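>>> just need the structure, nothing else, for what follows:
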Amino acid sequence: MSVFSEIKSLILKSIIYGSGSLFLKAVSFFLLPIYTRLLDPSDYGVWALSNVVSSVVSIFISFSIHGFVPVVYFHSSSENERREGIGTIFVTVVLVGGLVSLLLDQLGSYLFSFVIRDVPFHPYLRIAIWTTYFNSCGIIPLRLLQMQERSLTYVLLTVSGSILQTGLSLFLALHLGGVNGLLIGYLIASLIMLMLYLTVVFKDISLAFKKHIFCQAMVFSAPLILHELSGWILELSDRVILQWYVSLDQVGIYSLAYSYGSLMSLVAYSINIAWVPMLFRVDAEKKDNLPVRLGQLGTYFALILCLVGAFLGLMARPIITMMTSPLYHKASEIAPWIVLGLLLSGLYYFPVNFLFLRKKTVVISLVMILTSLINISLNFWMVPLHGAIAAAWTTCISYGVMLILICLFSFAEYPIVYEYRRLSIVFAVSFCLWVFGHFSIPENPFKAITVVLVLIALVPVSLLLLGFFSEEEKRFLIRWE
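Residues are numbered from 1 along each chain as shown. Sure thing, here's the model as predicted:
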């Protein structure tokens, strides 16, 4: 397969994954007028902090063992060994995760009271724990679909789950009242979808417990617990810190800005879902020009993410202004910084997967620990001085440090031929687009959207004039074959 065919395959699969993810996010975002009228900023803050707890709890329920699924899938010597290996991972999550969830259910009122000040454990955090357990069990079937490159099935299932989740949560929010109804809707939907996931992949899993697979998975995944915990600190601890220095209303506004910015994460994650199995496959082929091919893929990975980031950053103010009540409009000042930080986080996906490929999970965890400590320190220093927007600034700084460190370690472990000239063009065009757009966008939301779309449409022309595309790429793009 030529590098252009690989790029085309990566783009098409990313579009499939991304269309599902963006559809889910679009549904959630277009429901913001309902959410922001159904919940006041304080209620939205409770909802956001419940999600924070859910995210950190998921680390200890799943033990990040799902990261071992690609290793089992691509390195098993037979189909039966593969089935039993995946089954062992699933059984481990069900049993160990169930035990952890039960302990948290009983002890959580004491544990979480030290961290989450204004959200009662019962019912909010208790419901969040069991929702997280069912979601964690569902990760293994979804991960298997990803390795099988069954992108359409993956998207159909996740979209169905989100529609069910949204419908149930809104229905129950209206009938049971506010946040409580939302959380119960998520709980019921997560249990239903777990059953559906298992039905789809049941023929590819043998419910077994192989001690050697379990031990290998735990050795591989144990450092990833620190990696995931550090990732949680980077992504979500800002809301925990904010609640100690600003009002719950400000936490809600910041959380809404982060919800908008997470569109950037969804795009990056969608590309990464397609990228991981492709990387494992092309590495196994051991072709002579592999470093060059990977370098070209890296250039397009960066190009797509940078353009999406510039677009989302410029669209933040008009979209948030149109989609939310006036109580939330200050989120438009925070959202572009969140987008920038999550863009840097998205670029991190490309180099970090080479370390996963070489099973260097300890290195990944150490980098994440360092950057999470930087993030916490900056938040405690800057948030008391500048408020909620400082948390967005620290997000950018921390993810930037993380990206630089991972690139250095990744290149030392798995050298590839990066296209530095073309990457420089991508970053320069994106930066100029961001700066020019920031100062030229009018106040009127509809005029602002028009200006942004025109600027984005000029990007291919700019790349062409700057000599970004090779002659071979021009011919391929014209033919698209």
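>>> what sits up against stretch 378-385?
Residues outside stretch 378-385 that contact it (CB atoms under 8 Å, 6 or more residues apart in numbering) are S237, D238, I241, L242, Y245, V246, A390, A391, W393, T394, I397, S398. The way it works is simple: take the backbone N, C-alpha and C, and place the C-beta from them, glycine included.
>>> against which helices or strands is the helix or strand hosting the last one packed?
Just to be clear, that refers to S398. Secondary structure from DSSP states H and E places S398 in helix 388-413. Here helix 388-413 touches helix 211-245, helix 248-285, helix 331-357, helix 361-386, going by 3 or more CB pairs under 8 Å, 6 or more residues apart in numbering; DSSP states H and E.
>>> any idea how far the second one is from the chain center?
What it means is helix 248-285. Distance, stretch centre to chain centre, for helix 248-285: 3 Å (CA atoms, centre = their mean, to the nearest Å).
>>> the first one now?
Taking the mean of its C-alpha atoms, helix 211-245 sits 14 Å from the chain's own mean (CA atoms, centre = their mean).
>>> so what's the model's average confidence on it?
Averaged over helix 211-245, pLDDT sits at 74.
>>> name the helices or strands packed onto that helix?
helix 41-62, helix 69-75, helix 79-111, helix 248-285, helix 361-386, helix 388-413.
>>> need the ones you listed in TSV (columns: mean pLDDT and distance to W434).
Below are these laid out as TSV (pLDDT from 0 to 100; distance: least, CB to CB, whole Å):
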stretch	mean pLDDT	distance to W434
helix 41-62	74	27
helix 69-75	79	35
helix 79-111	85	41
helix 248-285	77	13
helix 361-386	85	21
helix 388-413	89	13
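>>> V201 is nearest to which of these?
Checking the helices and strands packed on helix 211-245 against V201 by CB to CB gives helix 79-111 as the closest, at 8.4 Å.
>>> quick check: angle from that closest one to helix 211-245?
30 degrees (axes from the mean of the first three to the mean of the last three CA atoms, to 10 degrees).
>>> which of the residues in helix 79-111 are buried?
For helix 79-111, the neighbour count (16 or more other CB atoms under 10 Å) marks 82-94, 96-97, 100-101, 104-105, 108 as buried.
>>> quick one: the helices and strands packed on helix 388-413 as JSON lines, columns for mean neighbour count and distance to S325 too.
Shown next, in JSON lines, are the helices and strands packed on helix 388-413 (neighbours: other CB atoms under 10 Å; distance: least, CB to CB, whole Å):
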{"stretch": "helix 211-245", "mean neighbour count": "19", "distance to S325": "20"}
{"stretch": "helix 248-285", "mean neighbour count": "22", "distance to S325": "10"}
{"stretch": "helix 331-357", "mean neighbour count": "24", "distance to S325": "11"}
{"stretch": "helix 361-386", "mean neighbour count": "18", "distance to S325": "25"}
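>>> take the ones you listed and write them to CSV, including distance to P70.
Output for the helices and strands packed on helix 388-413, formatted as CSV (distance: least, CB to CB, whole Å):
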stretch, distance to P70
helix 211-245, 10
helix 248-285, 6
helix 331-357, 8
helix 361-386, 12
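>>> how is this protein divided into domains?
1-30+246-481, 39-209 (automatic domain parsing).
>>> dump those domains into TSV; add distance to I225 as well.
Shown next, in TSV, are the domains of the chain (distance: least, CB to CB, whole Å):
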stretch	distance to I225
domain 1-30+246-481	8
domain 39-209	5
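>>> between these, which gets nearest to I233?
Using CB to CB, the nearest of those to I233 is domain 1-30+246-481, at 3.8 Å.
>>> for N180, grab the count of nearby residues.
Residues lying near N180 (other CB atoms under 10 Å) number 16.
>>> excluding chain neighbours, what is closest to it?
Distances taken as CB to CB, 6 or more residues apart in numbering place P123 nearest to N180, at 6.0 Å, with adjacent residues excluded.
>>> and the pLDDT at the one you found?
With respect to pLDDT, P123 has a value of 77.
>>> is it correct that it is in contact with L183?
Yes. Counting by CB atoms under 8 Å, P123 does reach L183; the two are 7.3 Å apart.
>>> show me which of these two is the more surrounded one.
L183 (26 against 13).
>>> wait, that one sits on P120?
No. Assessed by CB under 8 Å, L183 is found out of contact with P120, at 11.9 Å.
>>> tell me the buried residues in the helix or strand where L294 lies?
Per DSSP H and E, L294 falls inside helix 290-323. Burial within helix 290-323, assessed by neighbour count using 16+ other CB under 10 Å, is assigned to 290, 293-321, 323.
>>> which elements pack onto that helix?
Using 3+ CB pairs under 8 Å, 6+ apart, the elements in contact with helix 290-323 are helix 3-30, helix 248-285, helix 331-357, helix 420-440, helix 445-457.
>>> worst mean pLDDT among those helices?
helix 3-30 (a mean of 59).
>>> export the helices and strands packed on helix 211-245 to CSV and tack on distance to V454?
Output for those, formatted as CSV (distance: least, CB to CB, whole Å):
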stretch, distance to V454
helix 41-62, 34
helix 69-75, 42
helix 79-111, 49
helix 248-285, 21
helix 361-386, 34
helix 388-413, 27
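>>> and the ones you listed: which comes nearest F202?
When those are compared by CB to CB, helix 79-111 sits nearest F202, at 10.2 Å.
>>> that closest one vs helix 41-62, what angle?
130 degrees.
>>> what is helix 79-111 packed up against?
helix 41-62, helix 69-75, helix 126-147, helix 211-245.
>>> and the angle from the first one to helix 126-147?
To tie it back to what came earlier, the one meant is helix 41-62. Here the directions of helix 41-62 and helix 126-147 differ by 60 degrees (the same axes, to 10 degrees).
>>> elements contacting helix 41-62?
When contacts are defined as 3+ CB pairs under 8 Å, 6+ apart, helix 41-62 packs onto helix 79-111, helix 126-147, helix 178-201, helix 211-245, helix 248-285.
>>> okay if I get these as TSV plus distance to T158?
Converted to TSV, these look like this (distance: least, CB to CB, whole Å):
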stretch	distance to T158
helix 79-111	18
helix 126-147	7
helix 178-201	9
helix 211-245	20
helix 248-285	10
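>>> out of these, nearest to S410?
helix 248-285 (11.8 Å).
>>> now P415: which helix or strand?
Using DSSP H and E, P415 falls within no helix or strand.
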